[in-house]
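# sequence plus predicted model, see below.
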Amino acid sequence: MWACNFDKITNRGSSFNRAPDETDYQVMVPAQQGVFFNLYPERYQYLNQQCVPMDPSVLQAEDIDRNRKIMVRRIREERDSRSSGGIKNSNIWYASDAIARQKYLEWKDTGRDMIAAGSAPNDNLIIDGDTVPLESIDDTQADRTLKISVAYDLVDKAKILDHKLQKQMKVHIAAVLSSIDPLNYDLSTGWPLKF
C-alpha cells in the first residue's frame with residue numbers, strides 16, 4: 001500500500017489542463033523519497049494517515065465517463081464535418097458550408113420573387129440581370145446555368161441533410177453513453193454520404 005504526502009500547490013497551467021485558479025498536488029511516494037509527481041488528487045484517498053490509491057472500480061468508472069465525453073465530442077465533430085461535406089442533388093455535388101448555404105437561401109428567395117413575377121420553375125435564375133451559373137463542387141457543371149427549381153432543391157436538401165446528421169449523431173451518442181469501452185466505438189457508420 002502506498003503512503004504519501006499531499007503538498008498543495010497552486011497550478012499555473014499544468015499539463016492536466018486545469019484552470020489557473022485550481023489547485024494541483026505534489027505527491028511524494030516514500031519508496032522514491034525526494035521524487036515528486038503531479039497527480040490527480042481525486043485518484044487517492046487519505047486513510048489512517050496514509051494516502052492510498054482509490055478503489056480501481058471507482059477509477060474505472062471515472063475513466064469510462066471521461067472517455068464517453070471524449071467520444072461525444074468526436075461524434076459532434078464528425079457531424080460538423082459532414083455538414084459541410086456537400087449536398088448531392090440530381091447526381092451533382094454542391095458545397096454545403098455556411099457561405100454556400102447562405103447563397104442557396106438567397107437564390108431561393110430570388111427564385112420565389114421571379115415565380116411571383118411570372119417565371120416558371122425551370123427558368124434560369126437571374127440576379128441583377130445576369131444568369132447564375134451552376135456551381136458544383138468539382139466545377140464539372142460550371143458551363144450550365146442554375147434553374148429556379150434547383151435553388152429550391154438545394155435549400156430542401158440542406159435541411160434534409162441536417163436532419164439526418166442530427167438523427168445519426170443522437171444514435172451514436174446513445175450508443176457511446178451505454179458503452180463500457182467508448183474509445184473503441186466505431187462512429188463512422190450510418191452517416192449520410194459526403195463529397
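All right, it came through fine.

# for this structure, which segments count as helices?
Remark: helices assigned in the chain by DSSP state H are 56-83, 98-116, 148-177.

# closest to residue 124 out of the ones you listed?
helix 148-177 (7.7 Å; Cβ to Cβ). Where you see a C-beta, it was placed from the backbone N, CA and C, and this is true even at glycine.

# was I right about residue 135 contacting residue 93?
No: using Cβ atoms under 8 Å, residue 135 is not in contact with residue 93, being 10.6 Å away.

# looking at these two, which has the bigger crowd around it?
Between residue 135 and residue 93, counted using other Cβ atoms under 10 Å, residue 93 has the larger neighbour count: 18 against 15.

# any stretches of this protein with poor pLDDT?
1-61, 140-143 (pLDDT under 70).

# domain-wise, how is it divided?
1-54, 80-184 (automatic domain parsing).

# pull up the distance across the longest one, start to finish.
Read that as domain 80-184. End-to-end distance for domain 80-184, by Cα to Cα, to the nearest Å: 21 Å.

# dump the helices of the chain to TSV, plus mean neighbour count and distance to residue 188.
Shown next, in TSV, are the helices of the chain (neighbours: other Cβ atoms under 10 Å; distance: least, Cβ to Cβ, whole Å):
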stretch	mean neighbour count	distance to residue 188
helix 56-83	14	8
helix 98-116	16	24
helix 148-177	17	9
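
# residue 126: which of these is closest?
Nearest of the helices of the chain (Cβ to Cβ): helix 98-116, 6.8 Å.
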